[in-house]
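J.: 3D, please:
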Amino acid sequence: MIETPHIKCYKEDIASIVLMPGDPLRAKFIAENYLDNYKLVNEVRNMLAYTGFYKGKKITVFSSGMGLASMGIYCYELYKFFDVKYIIRIGSCGSNNPNIKLLDIVLATSSYTETNFSYTFNSENINEVNSSSKLNNIIINKAKNLNLKTGKTACTLVFDAYMQDQKGYNARLPKDIIASEMEAFALFYIAKKLEKQASCLLTVSDSIYENKKITTIERQNNLKDMIELALESCLEVE
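T.: Got it, this is the predicted structure:
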């Protein structure tokens, strides 16, 4: 049994590849609806994790919580102490480009941040880090029947809808940012430091360019496409 400050389970209970939604209940949903012979392997702080089999492939679904700090804790411990090799984040995002529509699926090729995460972690002033080209190529090949959008995403400390000066924030960002979320930079940066691999799939849940709110059914169905794309991609990982 390995017990870190935030995870308690046997090393063999964690697969080498992990899908990482933010929401613990989404991890539970994926296990119950997609995995065979799954079991709950972590519930410390109610950050639920399940390991089971998808079409014969051993996969762990581990919730990360919200924000860079929470993602940084869980991906570091999984990579460092449980021999995880690959993590694919699956979450939601806001659009930063009029061509990125509600319910589109976005693959982050890199993550940009204004935060000092890298400086605090490792005394480096780094504001952009790439995701895994190996994982990304697998995902792109699996997404041939989907309108997958790829590009640089922004990683924020503040939920974009709550920003007091969202226009000012967007104006400061590099012009090639296509979407915003809150976890990917920490995941990509720690993966790079520990010589692991990470990728990030996102579903667009809000956009400043569209005066429309998505329904619960629309959100559920599109998340289903993203989840299934991630799971199918796992089958191609060694």
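J.: let me see the ranges of the strands in the protein.
T.: Shown for the chain, the strands assigned by DSSP state E span residues 2-3, 8-9, 17-20, 36-42, 49-54, 57-62, 86-95, 105-113, 128-130, 148-155, 177-181, 197-207.
J.: want to throw the ones you listed into a markdown table with mean neighbour count and distance to residue 27?
T.: Backbone N, C-alpha and C define where each C-beta goes, glycine included. What follows is the strands of the chain, written out as a markdown table (neighbours: other Cβ atoms under 10 Å; distance: least, Cβ to Cβ, whole Å):
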| stretch | mean neighbour count | distance to residue 27 |
| --- | --- | --- |
| strand 2-3 | 12 | 19 |
| strand 8-9 | 17 | 14 |
| strand 17-20 | 26 | 8 |
| strand 36-42 | 16 | 10 |
| strand 49-54 | 21 | 6 |
| strand 57-62 | 24 | 5 |
| strand 86-95 | 25 | 10 |
| strand 105-113 | 23 | 19 |
| strand 128-130 | 18 | 25 |
| strand 148-155 | 22 | 21 |
| strand 177-181 | 23 | 17 |
| strand 197-207 | 24 | 15 |
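J.: got the contact list for the lowest-mean-pLDDT helix or strand in the chain?
T.: Sorted by mean pLDDT, DSSP states H and E, the helices and strands of the chain end with helix 216-234, the least confident at a mean of 86. Contact with helix 216-234 is made by 17, 19, 26, 30, 34, 54, 57, 59, 88, 90, 92, 103, 105, 135, 138-139, 142-143, 146, 148, 201-203, 205, 214, as judged by Cβ atoms under 8 Å, 6 or more residues apart in numbering.
J.: list the buried residues in it.
T.: For helix 216-234, a neighbour-count test (16 or more other Cβ atoms under 10 Å) marks 219, 222-223, 225-227, 229-234 as buried.
J.: run the angle between that helix and strand 148-155 for me.
T.: For helix 216-234 against strand 148-155, the angle by axes from the mean of the first three to the mean of the last three Cα atoms, to 10 degrees is 100 degrees.
J.: from here on, call the first residue 438.
T.: With 438 as the first residue, the last one maps to helix 653-671.
J.: please save the CA atoms from helix 653-671 in CSV.
T.: The C-alpha coordinates for helix 653-671 follow below in CSV (Å, rounded to 0.1, in the frame of the first residue of the first chain):
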residue,chain,number,x,y,z
THR,A,653,-28.0,19.4,-20.1
ILE,A,654,-28.7,16.9,-22.8
GLU,A,655,-26.4,18.7,-25.3
ARG,A,656,-23.6,18.8,-22.7
GLN,A,657,-24.0,15.2,-21.8
ASN,A,658,-24.0,14.0,-25.4
ASN,A,659,-21.0,16.0,-26.4
LEU,A,660,-19.0,14.9,-23.3
LYS,A,661,-19.9,11.4,-24.4
ASP,A,662,-18.1,12.0,-27.7
MET,A,663,-15.0,13.4,-25.9
ILE,A,664,-14.9,10.5,-23.4
GLU,A,665,-15.2,7.9,-26.0
LEU,A,666,-12.5,9.5,-28.1
ALA,A,667,-10.2,9.5,-25.1
LEU,A,668,-11.0,5.9,-24.3
GLU,A,669,-10.5,4.7,-27.9
SER,A,670,-7.2,6.5,-28.0
CYS,A,671,-6.1,4.7,-24.8
